[in-house]
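J.: A predicted structure for the sequence below; I have some questions about it.
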Amino acid sequence: MDLTTNYLGLRLRSPLVASASPLSGEIDNILWMEDAGIGAVVLPSLFEEQLSLESYELHDHLTYGTESFPESLTYFPQYQTFRLGPEEYLNLIHEAKEKVKIPIIASLNGSSLDGWTDYARMIEQAGATALELNIYSVHTDPELTSEQIEQNYINMLKVVKAAVHIPVTVKLSPYFTNMANIAKRLDDAGADALVLFNRFYQPDINLETLEVQPHVLLSTPQAMRLPLRWIAILYGRINADLAATSGIHNAHDVLKMLMAGANITMLCSVLLRHGIDHIRCIEQEMHQWMAKHEYESVEQLQGSMSQKHCPNPSAFERAQYMRALQTYQPEWGRVY
């Protein structure tokens, strides 16, 4: 069974790729993932705020004298809370490239142009195979238009593409007025791949301490429906490769994403829940399903259930919407 796939001009042994997570921040885990059969690894994100603290030595200046106003100490994350500083991050890339044969994809997480290009070059020099731009920004300014937000994405991509020679991917959120349009614009601007979709982690309120606190919820299989739909819509309509992420927990999820048109499928929550060796289980289940249904390769699967040949995808989507609402019945029986 041929599980190889093409992504970013590379031939990967498998469409299973480890997404950015705490697991990929340690060299022993990367070695373990390679041994378990992973196709590539995305390192944890290096945050724009880390680059600012490193480049401009803001940490001491931002906290100087704030002890008299304790609440102001919570405005910025403590520098020590970041898992990897910029120098450690570059060292991780260098060490990983020396010890494993699979592609190592670095990740930059930010929301502005500041400081990205210098570190993008350093990441390339450290040996990263590719660079993922993980653009995470919750816009709260009511005067900021959708056109300005989208142009900011385009500008960030162009600046980084001009700074490096390695492939650059863009990890997107699904919250755009016209997802197809921003995908096409990023494709035209030179994105080598689009990663669909970034998950915005919503904060919670602690009723005992009356504080806002982070609350990370791992994905469930239901989360895969959104990237599944958009990959099926975009496949064959843009040149950039398509990477599926969020909600991929078993072999069936992987196979569906490939049929929709994904080049690769990214694993995160399932590995955090079940461990790195679960990669072997997913691959084994893929082999079994493909053998049963007489598929010989991932290439044979890819895009077979996409909307590439659908003349009017918008009409198709609306028809499926109406069909779902009109045919649904509650599990306990018909309502009279």
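T.: Right, received. Where do you want to start? Numbers count the residues shown, from 1 in each chain.

J.: quick one: the helices in the stretch 151-300 of the chain?
T.: 179-188, 225-234, 251-260, 269-274, 278-292, 298-301 (DSSP state H, counting those that start in this stretch).

J.: what helices and strands are in contact with the shortest one?
T.: Using 3 or more CB pairs under 8 Å, 6 or more residues apart in numbering; DSSP states H and E as the contact definition, the elements that helix 298-301 packs against are helix 251-260. Glycine gets a C-beta too; all of them are placed from N, C-alpha and C.

J.: now do the helix it packs on, average pLDDT.
T.: Averaged across helix 251-260, the pLDDT comes to 96.

J.: buried stuff in that helix?
T.: Within helix 251-260, the residues scored as buried using 16 or more other CB atoms under 10 Å are 251, 253-260.

J.: so who does residue 224 touch?
T.: Contact analysis of residue 224 by CB atoms under 8 Å, 6 or more residues apart in numbering lists 244, 246-249, 253, 256-257.

J.: ok, residue 219 next?
T.: 199, 246-247, 249, 268-269.

J.: which residues are in contact with stretch 89-106?
T.: Identification of contacts with stretch 89-106 by CB under 8 Å, 6+ apart yields 8, 10, 12-13, 25, 27, 30-31, 33-34, 38-43, 46, 84, 122-123, 126-132, 169.

J.: give the buried residues for that stretch.
T.: Using 16+ other CB under 10 Å as the test for burial, stretch 89-106 gives 89-90, 92-93, 96-97, 100, 102-106.

J.: how about stretch 131-149?
T.: Using 16+ other CB under 10 Å as the burial criterion, the residues of stretch 131-149 that qualify are 131-136, 149.

J.: just give the number of residues close to the closest residue to residue 277 other than its chain neighbours.
T.: Closest residue to residue 277 apart from its sequence neighbours, by CB to CB, 6 or more residues apart in numbering: residue 36 at 5.7 Å. Residue 36: 19 surrounding residues under other CB atoms under 10 Å.

J.: look up how far residue 297 lies from residue 36.
T.: Residue 36 sits 21 Å away from residue 297, taking CB to CB, to the nearest Å as the criterion.

J.: do the same with residue 156
T.: Shown here: residue 156 relative to residue 297, a distance of 36 Å by CB to CB.

J.: next one: residue 221
T.: As defined by CB to CB, residue 221 lies at a distance of 25 Å from residue 297.

J.: helix/strand/coil for residue 106?
T.: When classified by DSSP: H, G, I helix; E, B strand; the rest coil, residue 106 comes out as strand.

J.: right, and the helix or strand after the lowest-mean-pLDDT helix or strand in the chain?
T.: Lowest by mean pLDDT, DSSP states H and E among the helices and strands of the chain is helix 58-63, with a mean of 48. On the C-terminal side of helix 58-63, the closest following helix or strand by DSSP states H and E is helix 86-99.

J.: export that next one to CSV, keeping only CA atoms.
T.: Only the C-alpha atoms of helix 86-99 are listed here, as CSV (Å, rounded to 0.1, in the frame of the first residue of the first chain):
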residue,chain,number,x,y,z
PRO,A,86,14.2,32.3,20.2
GLU,A,87,17.7,30.9,20.6
GLU,A,88,16.4,27.6,22.0
TYR,A,89,14.0,27.4,19.1
LEU,A,90,16.8,27.8,16.5
ASN,A,91,18.8,25.1,18.4
LEU,A,92,15.9,22.7,18.3
ILE,A,93,15.6,23.1,14.5
HIS,A,94,19.3,22.5,14.1
GLU,A,95,19.4,19.5,16.3
ALA,A,96,16.2,18.0,14.8
LYS,A,97,17.6,18.4,11.3
GLU,A,98,20.8,16.6,12.3
LYS,A,99,19.0,13.6,14.0
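
J.: doesn't residue 11 belong to a strand?
T.: Yes: assessed by three-state DSSP, residue 11 belongs to a strand.

J.: not counting its neighbours along the chain, what's nearest it?
T.: Closest to residue 11 by CB to CB, 6+ apart is residue 4, at 5.8 Å.
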